[in-house]
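Q: everything below, folded, please.
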Amino acid sequence: MRTYKIDTFIFQSSDEHYITRFGGQPDWIASPQWPVSLPWDNRPLKFIGQIRLNDFYRELKDLTLAYIFMTQPEDETDSFFDPDIIYPDKGENAILIQPNGKIPEYIHTENFCVGPTVDSEAIWIPQITENEEIATTEFKQIDVDKFCGIPAFFQNSKVESDNILLLQLHTNWLPFYINAGGAPTMFAFLNGKKDGGFILIEDM
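A: The predicted model follows:
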């Protein structure tokens, strides 16, 4: 199975558009669809980043972006934390696909063009190495930050067989701030049609 290991992130002060990156503001292809948290009085979820799906799925002919959001504190000094971010269907995290994506009923959106982001000053571009993973690959080799590949579950999470791993991040070791728990790994998945997805988090 093809995978793309994230070796590092390059900091850029200028905002390149329609590329795979973290931070900045979303490059909306269609009308803005900013997720909000209903339990927290329509608090906008924080924009984590966007992934150009064409970089990893060559069968996609038209430009397609996946936008990743999560309910988050304002910054590292903010004590706010919502434990429901670990669940894929509570509305406290979201993957939105444009164009032609389908939004699950548990995700509520507003037409905000901009909102809170993990880095408002710059963007972070992942530098990747292409690799191959198979079922017998050692856990330590799949337990890395990456796009695609085999999810390195350590709590026996289960997903439907037609869901495919899009992104795996150890969120405590990033150059931008994500509070996802004590020692978490974030897993972002796409459905088989690549018009929707979800996030789940395993935490020690």
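
Q: show me the contacts for Gln12.
A: Going by C-beta atoms under 8 Å, 6 or more residues apart in numbering, Gln12 touches Ala122, Ile123, Trp124, Ile125. (Glycine included, C-beta is placed from N, CA and C.)

Q: secondary structure element for the most centrally placed residue in the chain?
A: By C-alpha atoms, centre = their mean, the chain has its centre lying nearest to Ile68, at 4.0 Å. Here Ile68, judged by DSSP states H and E, is contained in strand 65-70.

Q: and the contacts of whatever helix or strand comes next after that strand?
A: Of the helices and strands lying after strand 65-70 in sequence (DSSP H and E), the nearest is strand 93-98. Contacts with strand 93-98, where a contact means C-beta under 8 Å, 6+ apart, come from 28-30, 33, 35, 45, 53, 64-71, 85, 103, 107, 109, 166, 188-190, 194-199, 201.

Q: how near is the nearest residue to Leu200 once chain neighbours are set aside to Glu59?
A: If you skip the residues right next to it in sequence, Leu200 has Pro88 as its closest partner in space, 4.6 Å away by C-beta to C-beta, 6 or more residues apart in numbering. The spacing between Pro88 and Glu59, counted by C-beta to C-beta, to the nearest Å, is 25 Å.

Q: still on that earlier bit, among the contacts of strand 93-98, which lie within helices?
A: Using DSSP state H to define helices, no part of the contacts of strand 93-98 is located there.

Q: which of the residues you listed are buried? Put it as a ChimeraX command.
A: Isolation of the buried members of the contacts of strand 93-98 (16 or more other C-beta atoms under 10 Å) is achieved in ChimeraX through the command below:
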select :28,29,33,35,45,53,64,65,66,67,68,69,70,71,85,103,107,109,166,188,189,190,194,196,197,198,199,201
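
Q: would you agree Gln50 is in contact with Asp27?
A: Yes - counting by C-beta atoms under 8 Å, Gln50 does reach Asp27; the two are 6.4 Å apart.

Q: tell me where the chain has strands.
A: All strands of the chain, identified by DSSP state E, fall at 2-12, 21-23, 34-37, 43-44, 46-52, 65-70, 93-98, 108-110, 123-132, 146-148, 164-169, 184-190, 197-203.

Q: picking that back up, for the strand holding Ile68, packing partners?
A: In terms of contacts (3 or more C-beta pairs under 8 Å, 6 or more residues apart in numbering; DSSP states H and E), strand 65-70 is packed against strand 46-52, strand 93-98, strand 184-190, strand 197-203.
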